[in-house]
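this one's structure only:
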């Protein structure tokens, strides 16, 4: 038998009640079909023959059935897959008759195995026909590639590498975690990656949890926080050192300023002493000159002697004053020396302070450098935080814009809804008005009918002005309040008043019908074919009596009085005789005929 189908597997969805599922491919043995149940979470379980199911239809080209002892659930998928044994059991004995059936079965087995391999290859990840790769093998051992993934290196070759897993939020107890899940320890902010599937127990921190070995630390936030705090402390200490150094420098500057003031005071004292010494020298010179002058004066006169004595006395006083000034100058000089010594000591002290300040400054510089490094790191962290903040701000702005757009959309939608509602109300009003107008028209015009109706279309009594078209007479009729009458007739054949009878189709016939003769007009007069016209006295004018011949007695069978004959002004005697013999009535008839 041939293998005409390439199907090697069937898949069905369970429903909790169906137990029989068909397979549509040929199998050679009831052990050569694999029955797999796939759960909603992707777990696949291979079922066991007899324990879970039985097989029918072995060797049938169109397949058979798998009958479960328990119906697969509604969340389960049933997969039936041919799994032919990969052996060749057909043995050919030399010179024996050719075993066609067993040979064909062997060929079928080979074909089945090829189809199953092809089905597996179809589910494999492969390079395209035109793609290339140096090697699809990797040599990393099991322990080294545990919890890692296959990736492609910079050359596009397969490599085993590490990649972060799936972030599942804050760690919590009684939660199932899978390898490569990422969690946050809320007690210290550390980030961990799971290396072993497990259900969590205990409490945080994860580092002291009973399952700590099932987690690997990814981000050591606790240490980072400690380092940040240490950096902050170093920065604080550095700031304090800098402040102390600044204070020491200020103190040294004050000492230097005091020393400078002392030196200035000493210099001023020395200048004052020098001035006093110059004054003493000048006084001594003046005294010597006075003594010489006194001697000259003493030799010249006693007055000069007395003057000299007085001058000597004055010179003695000056000398005493000069001596006192000299002593004072010496004291000032001594004080200046003391001031100078004190200034020197102050300068030495200031130098020491300056040296100490320099040392402090160096220490401060070192601390400042350390602080600068910490500050730089802090600045980098701050910059990153600023960037995150900026991104958050941008996200917030975008969210605000989306919210504003959503609000605008909502407002527009509300406006559209209001407009639609107004339009619907207007449409309903227009519809109601149209229906009312149609009903009113229907109550007035009753349509086409074969005879006069007695009620309107709604069964209500007729009203004055109601109309309908009579299909029997083909005319429009109107109800006048008591009866129906024709409301409109055809104007064809009507005479138009402004035409003055010119639109009569045949005037001769019309005159004959009216007893006016065939002539269109008659001339008034007393001649032939004239019409007699009464005169101004309303009398008949004189006529030729011969024209009245032929009157029969029948026509003049009535008596006419003489007074009546008097109206016949101008009648000749020839007709008078005839009239006298005729009845007056006959004459009246004759006059009527003439007129």
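That came in fine, so what should we check first? All values derive from a computational prediction rather than experimental measurement.

so where's the stretch 251-400 of the chain shaky on pLDDT?
Scanning the stretch 251-400 of the chain for pLDDT under 70 picks out 251-253, 255-400.

excluding its backbone neighbours, what's nearest residue 27?
Among residues not flanking residue 27 along the chain, residue 33 sits closest, at 5.2 Å (Cβ to Cβ, 6 or more residues apart in numbering). Bear in mind the C-beta positions are built from the backbone N, C-alpha and C, glycine included.

for that neighbour, what are its contacts?
Residue 33 makes contact with 23, 27, 55, 66, 80-83 under the criterion Cβ atoms under 8 Å, 6 or more residues apart in numbering.

show me where pLDDT drops low in the stretch 101-250 of the chain?
Residues of the stretch 101-250 of the chain meeting the criterion pLDDT under 70: 162-164, 231, 234-235, 238-239, 241-242, 245-246, 248-249.

Okay, helices next: where are they in it?
With DSSP state H, counting those that start in this stretch as the definition, the stretch 101-250 of the chain shows helices at residue ranges 142-145, 221-300.

which outside residues touch the shortest one?
Pointing back at helix 142-145 there. Around helix 142-145, the neighbours that count as contacts under Cβ under 8 Å, 6+ apart are 138, 160.

If we use 6 Å, what do you get?
The list of residues contacting helix 142-145 from outside it, by Cβ atoms under 6 Å, 6 or more residues apart in numbering, reads residue 160.

Stretch 179-195 too?
Here stretch 179-195 makes contact (Cβ under 6 Å, 6+ apart) with 147, 165-168, 170-171, 177, 197, 204-206, 215-219, 221-222.

Which positions in that stretch come out as buried?
Using 16 or more other Cβ atoms under 10 Å as the test for burial, stretch 179-195 gives 180-185, 188, 190-195.

Provide a list of residues in contact with residue 442.
residue 457.

Now do it against residue 484, distance only.
According to Cβ to Cβ, to the nearest Å, residue 442 and residue 484 sit 18 Å apart.

Go ahead and build a PyMOL selection from the buried members of the contacts of stretch 179-195.
Here is the PyMOL command that selects the buried residues among the contacts of stretch 179-195 (16+ other Cβ under 10 Å):
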select buried, resi 165+168+171+177+204+206+215+217+221+222
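
Take the buried residues of stretch 179-195 and write them to a markdown table, including distance to residue 136.
Formatted as a markdown table, the buried residues of stretch 179-195 follow (distance: Cβ to Cβ, whole Å):
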| residue | distance to residue 136 |
| --- | --- |
| 180 | 24 |
| 181 | 29 |
| 182 | 30 |
| 183 | 35 |
| 184 | 38 |
| 185 | 40 |
| 188 | 44 |
| 190 | 39 |
| 191 | 34 |
| 192 | 34 |
| 193 | 28 |
| 194 | 29 |
| 195 | 27 |
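
Tell me the one of these nearest residue 7?
Nearest to residue 7 among the buried residues of stretch 179-195 is residue 180, at 37.2 Å by Cβ to Cβ.

per-residue confidence for the residue nearest to residue 27?
At residue 33, the model reports a pLDDT of 97.

Kindly list the main-chain dihedrals of it?
Phi and psi for residue 33, reported as degrees, to the nearest 10, are phi -130, psi 140.

Out of the contacts of stretch 179-195, which sit inside strands?
Using DSSP state E, the subset of the contacts of stretch 179-195 located in strands is 166-168, 170, 177, 215-219.

Is it possible to get JSON lines of those that adds distance to residue 510?
Formatted as JSON lines, those follow (distance: Cβ to Cβ, whole Å):
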{"residue": "166", "distance to residue 510": "115"}
{"residue": "167", "distance to residue 510": "116"}
{"residue": "168", "distance to residue 510": "117"}
{"residue": "170", "distance to residue 510": "119"}
{"residue": "177", "distance to residue 510": "122"}
{"residue": "215", "distance to residue 510": "129"}
{"residue": "216", "distance to residue 510": "130"}
{"residue": "217", "distance to residue 510": "131"}
{"residue": "218", "distance to residue 510": "126"}
{"residue": "219", "distance to residue 510": "125"}
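
For the buried residues of stretch 179-195, work out which two are farthest apart.
Greatest spacing in the buried residues of stretch 179-195, by Cβ to Cβ: 180 and 188 (21.7 Å).

Many thanks, have a good one.
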